[in-house]
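**Q** How does the following fold in three dimensions:
(4 chains)
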2 protein chains.
Amino acid sequence: MKRITIKDVAMAAGVSTAAISYALNGKESKVSTETLERIQATVASLNYIPDFSARSLVNKKSYLIGVVIPETEEHNSMILENPFYSEIVSGIESELRKHNYHLILTGMDKGKGCFDLSIQRNLDGAIIMGVYNEDFYEGLKLLRIPIILVDSYIHEACFKTIGIDDEFGGSLATTHLIENGHSHIAIVTGKIQKDGVVEKRFFGYKSALEQAGIAYNPDYVFEDSISYEHGVTAGKVIADKMSDISGVFATADMVAFGVVSGLREAGKRVPDDISVIGFDDILMSSMFIPQLTTIRQDIKAKGIKAVQCLIQTIRGSDPEDLSEVVLPIALIERQSVRRIRA
Amino acid sequence: MKRITIKDVAMAAGVSTAAISYALNGKESKVSTETLERIQATVASLNYIPDFSARSLVNKKSYLIGVVIPETEEHNSMILENPFYSEIVSGIESELRKHNYHLILTGMDKGKGCFDLSIQRNLDGAIIMGVYNEDFYEGLKLLRIPIILVDSYIHEACFKTIGIDDEFGGSLATTHLIENGHSHIAIVTGKIQKDGVVEKRFFGYKSALEQAGIAYNPDYVFEDSISYEHGVTAGKVIADKMSDISGVFATADMVAFGVVSGLREAGKRVPDDISVIGFDDILMSSMFIPQLTTIRQDIKAKGIKAVQCLIQTIRGSDPEDLSEVVLPIALIERQSVRRIRA
DNA sequence: ATAATGTGCTTAAACGTTTAACTTCACACA
DNA sequence: TGTGTGAAGTTAAACGTTTAAGCACATTAT
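**A** Below is the predicted model:
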């Protein structure tokens, strides 16, 4: 069961391997129509499929893209447990396949595994999600391959970024609560770290409050991790000891689910007793009960767009030098927010 | 910015490339302790990382595993929208990384894309989820690489399979409903196709009914796709025109979510008016409201186990020739099933 | 008639590894 | 003394491609 190589095809078609290679790689001008057809027929009949390793070795293109997802500490190394990432990877995969690239998926263990991967496999590019420390980005630079940063506020010439206006989103969510009569509004959120999306959403929350003339109250911020569990904990606390709070802004839908559950466990109903608004609009949000009012971003589109940018950069065709793509967002009103008399 | 090759290391360490290769690949016996150390130091200082393409070309091992997920027709080519697959891929990724393999993820467009992939990249093995037609499995055989079938009832010597006892699960779920006083039990399910897990779960449903002396009623089976939407549709129909039904077995949690929502839209409460039991216990099931009673399988473990089997096969160390692994399942009682007087 | 140009190929080197086969040297053994 | 053995390397071929350079021939231009 030996592999069928270009040599076999050459032999069978009665030409040199070079002719085969030219015929197969768009250099048809180097080959007569007649031989081209013969070659194509032979390729088909032998079912010849080129070896990408060999090809990659000589022309330095692997047609391999690295996709890096952060490993959350809470779920040790279960990178796709966050539905947000599943959805975006889904978009990435479909678009990559459409362009004949293959995708190597890896979690980011806080080692240099990701750099090794890039060099070992001669990645043509990478899509990086999440926020890391400075060393990491320095490492990325050394790779010297096209890189797309998803949801990052690191702006350096060598990276393209793709994201949304998180601050605007945060303010949109908060304002929606305010417009529905709420003035005591908690924010339940993951770690607020510099240059992270969560920080921006938090800024949006504060600015919306300020705009409405509502004083910012640090007691109303529940900062821990972006997780269902944190939402539950916060929800219980809010229900049990913070009776003035009537609205909650959760900076991710997963957290919002937790808040709703925590609230309910402590006897409060959503939206009857307390309103909750989320962020992201993951698939599950419209299936949840109550259906979640949230800030929608098109997660799938984000993945697709990331791939398109990346491939553009790889191809060197950088028509509109967009180094920073900002996708639109929208408020989606569903069932978890209720209007109250102010 | 040229790549650092084994030649550079050889030069710097003052030995031949062969020595480097031996030193780095466990053939230390071919090299003196002294030179070994020198080589290691040089490798470290130059930060040399081998090129897997070149390596793969000569020794025919790519350290690349293909992971194939079916594309559902409903969500065109969004392979990870099904949380079940996300979870299993998560397990696969972490275990693969632990063993220094890389993972190429691809959706199964009903072409031969998957075979091409295997040959192009010289995959060392593949993990295949889902059920396909006969041609597909014939194609797989021709690949002649170790293959693990996840959730498949195709038993051929050349494939290993890993799954659960779906029929038992189906009967477990149905019996739980029966034991809680239900006798008019609907089943909401995806396409019941030969050798698919869904078919087995359906068999389990029927046999549990039979065991309890309850007549099987074809009107009670809602067969369409494994999707939230199908669940919603079925839920509405059940609420609106099938008032004798008091319990529903959904053959996947996603479907169960839909049933609960559809029921609710039509004014029925779960579990107050109607009980619902799911299957799989995806992460979301314990977050859903009401928390879903379901048949639990350890999805993450399934992915991990699949990798372990695969790597065993690749290594040729097949201690216990387990060609068929069946993982345990369990009934998880939560909030979506209520006891009624029979 | 000669030169220039173009077409349709082939030859062979190169990409970065691994590994079988070979060399060299030191040492032990008879 | 010569022979055998083992240790510690080196040499070079091979893996399957791509591609620059070369070649033979036909056609056109001068």
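**Q** quick one, helices of chain A?
**A** Taking DSSP state H as the test, the helices found in chain A are A:6-13, A:17-24, A:33-46, A:52-59, A:83-98, A:113-120, A:134-143, A:166-179, A:197-211, A:228-241, A:253-265, A:299-315.
**Q** Does the first one reach chain B?
**A** No - for helix A:6-13 and chain B, the contact criterion (Cβ under 8 Å from any Cβ of the partner chain) is not met; the two come no nearer than 13.1 Å. To be clear about C-beta, it is placed using only N, CA and C from the backbone, and glycine gets the same treatment.
**Q** Say whether DNA strand D is contacted by that helix.
**A** Yes - applying Cβ under 7 Å from any atom of the strand, one finds helix A:6-13 touching DNA strand D at A:6-7.
**Q** CA atoms only for that helix - export them in PDB, please.
**A** Written as PDB, here are the backbone C-alpha positions of helix A:6-13 (Å, rounded to 0.1, in the frame of the first residue of the first chain):
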ATOM      1  CA  ILE A   6       4.000  12.600  -8.300                       C
ATOM      2  CA  LYS A   7       6.600  10.200  -9.800                       C
ATOM      3  CA  ASP A   8       4.000   7.500 -10.400                       C
ATOM      4  CA  VAL A   9       1.800  10.000 -12.200                       C
ATOM      5  CA  ALA A  10       4.800  11.200 -14.200                       C
ATOM      6  CA  MET A  11       5.600   7.700 -15.200                       C
ATOM      7  CA  ALA A  12       2.100   6.800 -16.100                       C
ATOM      8  CA  ALA A  13       1.600  10.000 -18.100                       C
END
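**Q** Now for A:I185: which residues touch it?
**A** A:174, A:177-178, A:205, A:209, A:214, A:220, A:245-249 (Cβ atoms under 8 Å, 6 or more residues apart in numbering or on different chains).
**Q** what does chain A put close to DNA strand D?
**A** So far as Cβ under 7 Å from any atom of the strand goes, chain A lies against DNA strand D at A:2-3, A:5-7, A:17-18, A:20-22, A:24-25, A:48-51, A:54-55, A:57-59.
**Q** Now a PyMOL select for only the buried ones of those.
**A** Here is the PyMOL command that picks out the buried ones among the residues of chain A next to DNA strand D, judged by 16 or more other Cβ atoms under 10 Å in any protein chain shown:
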select buried, chain A and resi 5+6+20+21+22+24+48+49+50+51+54+55+57
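**Q** Pull the number of nearby residues for the closest residue to A:G267 other than its chain neighbours.
**A** Excluding its sequence neighbours, the residue lying closest to A:G267 (Cβ to Cβ, 6 or more residues apart in numbering or on different chains) is A:A239, at 6.6 Å. Each residue near A:A239 was counted by other Cβ atoms under 10 Å in any protein chain shown, and the total is 20.
**Q** For A:A239, give its distance to A:S261.
**A** 11 Å (Cβ to Cβ, to the nearest Å).
**Q** for A:K305, same thing?
**A** Counting by Cβ to Cβ - A:K305 and A:S261 are separated by 33 Å.
**Q** Which one's more surrounded, these two?
**A** The residue with more neighbours, out of A:K305 and A:S261, is A:S261; 23 against 19, by other Cβ under 10 Å.
**Q** surely the more buried one meets B:M287?
**A** Yes - here A:S261 lies in contact with B:M287, judged by Cβ atoms under 8 Å, at a distance of 6.4 Å.
**Q** Could you list the contact residues of the stretch 151-300 of chain A toward chain B?
**A** A:228, A:257-258, A:260-261, A:264, A:283-284, A:287-289, A:300.
**Q** what residues are up against the nearest residue to A:E71 once chain neighbours are set aside?
**A** Leaving aside its chain neighbours, A:E71 sits nearest to A:G107 (4.6 Å; criterion: Cβ to Cβ, 6+ apart). Counting by Cβ under 8 Å, 6+ apart, A:G107 makes contact with A:68-71, A:77, A:79, B:93-94, B:97.
**Q** Could you report the separation of the nearest residue to A:D298 once chain neighbours are set aside from DNA strand C?
**A** Spatially, and ignoring its direct neighbours in sequence, A:D298 is nearest to A:L327 (6.5 Å; Cβ to Cβ, 6+ apart). Using Cβ to the nearest atom of the strand, to the nearest Å, A:L327 is found at 38 Å from DNA strand C.
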